[in-house]
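[1] mind folding the following:
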Amino acid sequence: MKPFGLTGNIGCGKSTVAGMLAKYDDVTHIDTDLVARAIMDGGGLRSAINAALDCDAFASGTIDRRLVAKIIFGDREKKERLEAVVHPAVWAEVQAIADGLEAHRICLVESAIIFEKGDEWRFSDVIVAVCGEEEEWRRLIVDRRMDPSDLKKRIAMQMPSAEKEKRAKYVISTDCDMAELEKRAAQLHAALKQSKGE
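    Residues are numbered from 1 along each chain as shown. Down below sits the predicted model:
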């Protein structure tokens with residue numbers, strides 16, 4: 001089974017949309033961040049991860065997420081080296097889950113970097129969640145209390161939302177209240193079902 005991909009830049013509501021779609025009985029939601037976390041926590045890639053980051057990310061016995069985040073969002077080369085280690089294992093697990101699903105199910109794979117990594121070929125279609133830049137920053141700084149300087153580094157590593165909109169088949173704007181977003185998610189769910197021929 002080829003799943004649907006769900007992407008979107010930080011603060012654009014990708015995970016909120018995923019949560020709304022996951023409420024439908026015929027949707028299986030796979031969060032690649034959680035898959036990656038489980039793989040890294042497993043320790044099987046410990047040596048390769050340490051080599052990619054040039055440090056001992058497991059000094060405390062388990063992976064130090066804050067250290068990893070600080071390194072990869074400050075050094076693009078180390079970020080790419082870490083991704084080269086972890087991503088093949090993540091996608092192997094995602095595909096194994098998708099292949100085990102019944103044909104009628106909608107498999108939704110959430111990943112922030114589908115287009116950045118050229119991974120759109122893995123999906124039947126890609127959905128992108130978008131919102132205005134002002135709202136994006138408000139959510140991140142006011143709601144999530146993120147540090148503006150760290151935020152700038154993260155945003156600089158992302159493809160602009162406008163470019164993602166051009167490449168995605170489905171676009172869902174999250175610039176609305178939750179009730180309206182639920183309606184938009186319902187419309188998207190119906191479109192995904194139709195795409196599967198149901």
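
[2] quick one: buried residues of the longest helix seen in the chain?
    Counting residues, the longest helix in the chain under DSSP state H turns out to be helix 76-99. By neighbour count with 16 or more other C-beta atoms under 10 Å, helix 76-99 contains the buried residues 78-79, 81-83, 85-87, 89-91, 93-95, 98. C-beta here means a position set from N, CA and C on the backbone, and glycine is covered the same way.

[3] what's the answer for stretch 168-177, then?
    Under the neighbour-count rule (16+ other C-beta under 10 Å), stretch 168-177 has 168, 170-174 buried.

[4] ok, now stretch 50-57?
    With burial defined by 16+ other C-beta under 10 Å, the residues of stretch 50-57 counted as buried are 50, 52-53, 57.

[5] immediately after the worst-scoring helix or strand of the chain on mean pLDDT, which helix or strand?
    Lowest by mean pLDDT, DSSP states H and E among the helices and strands of the chain is helix 148-156, with a mean of 78. Counting by DSSP states H and E, the next helix or strand C-terminal to helix 148-156 is helix 161-167.

[6] hmm, who's touching the helix or strand following that next one?
    Next helix or strand after helix 161-167 toward the C-terminus (DSSP H and E): strand 170-173. For strand 170-173, contacts defined as C-beta atoms under 8 Å, 6 or more residues apart in numbering pick out 17, 125-131, 165, 184-185, 188, 191-192.

[7] so how far is strand 170-173 from its chain's centroid?
    Put simply, strand 170-173 sits 15 Å off its chain's centre (C-alpha atoms, centre = their mean, to the nearest Å).

[8] how about stretch 54-65?
    Computed by C-alpha atoms, centre = their mean, the chain-centroid distance of stretch 54-65 equals 23 Å.

[9] mind checking the end-to-end distance for it?
    Stretch 54-65 has an end-to-end distance of 15 Å (C-alpha to C-alpha, to the nearest Å).

[10] pLDDT averaged over that stretch - what is it?
    What stretch 54-65 shows for mean pLDDT is 91.

[11] need the residues that contact that stretch.
    40-41, 43, 46, 49-50, 67-68, 71, 78.

[12] filter those to the buried ones?
    So, of these, 40, 49-50, 67-68, 71, 78 end up buried under the neighbour-count rule (16+ other C-beta under 10 Å).

[13] quick one, the helix or strand harbouring residue 66 and helix 76-99 angle?
    In the assignment (DSSP H and E), residue 66 maps to helix 65-72. If you take axes from the mean of the first three to the mean of the last three C-alpha atoms, to 10 degrees, helix 65-72 sits at 120 degrees to helix 76-99.
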